[in-house]
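have a look at this prediction, sequence included:
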Amino acid sequence: MDEVRPIATARGYRAALSTYALDVLTPSLSKAVGAQFAIDTLGGGDGFKRVLVFGDSVGDMEMARTAGARLDVPVTFFWLGRGAPPGQTDGIEVRSAVEPHAPGTRQLLGEF
């Protein structure tokens, strides 16, 4: 990450380290864009009763924040990363699995 960030920044890009990858993105691209696209594609949120977001990175929490800002329904973020979940939940319920990644996903889905 330390080697990539200055190269990306010098070219006007942003480097984002996730659990398993290093992404180099344009400054305007974020997971919020994807969340907005999903909401719009699914009718702008009409009829939504609840939003569930599963993620293992700070960027994934951005999807939950976007849903919370755009929709008037409860939003739950399921933290599947290692360690503590990202902060600044902005009123979003955060639930954590005992184990990260796939085993944690299986655990949380089993609770439904």
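Arrived safely, thanks for sending.

helices or strands next to the least confident helix or strand in the chain by mean pLDDT in the packing?
Sorting the helices and strands of the chain by mean pLDDT, DSSP states H and E puts strand 22-25 at the bottom, at a mean of 78. The helices and strands touching strand 22-25, judged by 3 or more CB pairs under 8 Å, 6 or more residues apart in numbering; DSSP states H and E, are helix 4-10, strand 14-17. Heads up, the C-betas are built off the backbone N, CA and C, glycines and all.

could you pull out the buried residues of the last one?
Meaning strand 14-17. 15-16 (16 or more other CB atoms under 10 Å).

sheet partners, orientation included, of it?
strand 22-25 (antiparallel) (DSSP bridges).

which outside residues touch the strand it pairs with?
With contact meaning CB atoms under 8 Å, 6 or more residues apart in numbering, strand 22-25 is reached by 1, 4, 8, 13-17.

look at Leu52 and say how many residues are nearby.
16 (other CB atoms under 10 Å).

still on that earlier bit, okay if I get the contacts of strand 22-25 as a markdown table plus pLDDT and distance to Ile39?
A markdown table is the format used below for the contacts of strand 22-25 (pLDDT from 0 to 100; distance: CB to CB, whole Å):
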| residue | pLDDT | distance to Ile39 |
| --- | --- | --- |
| Met1 | 67 | 31 |
| Val4 | 84 | 31 |
| Ala8 | 87 | 28 |
| Tyr13 | 87 | 26 |
| Arg14 | 82 | 23 |
| Ala15 | 83 | 27 |
| Ala16 | 79 | 22 |
| Leu17 | 75 | 26 |
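
export stretch 80-87 to CSV, keeping only CA atoms.
The C-alpha coordinates for stretch 80-87 follow below in CSV (Å, rounded to 0.1, in the frame of the first residue of the first chain):
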residue,chain,number,x,y,z
LEU,A,80,-17.6,-9.7,8.5
GLY,A,81,-14.0,-8.4,8.7
ARG,A,82,-11.4,-9.0,11.3
GLY,A,83,-11.3,-6.9,14.4
ALA,A,84,-13.8,-4.2,15.4
PRO,A,85,-16.3,-2.9,12.9
PRO,A,86,-15.8,0.5,11.3
GLY,A,87,-16.9,3.5,13.4
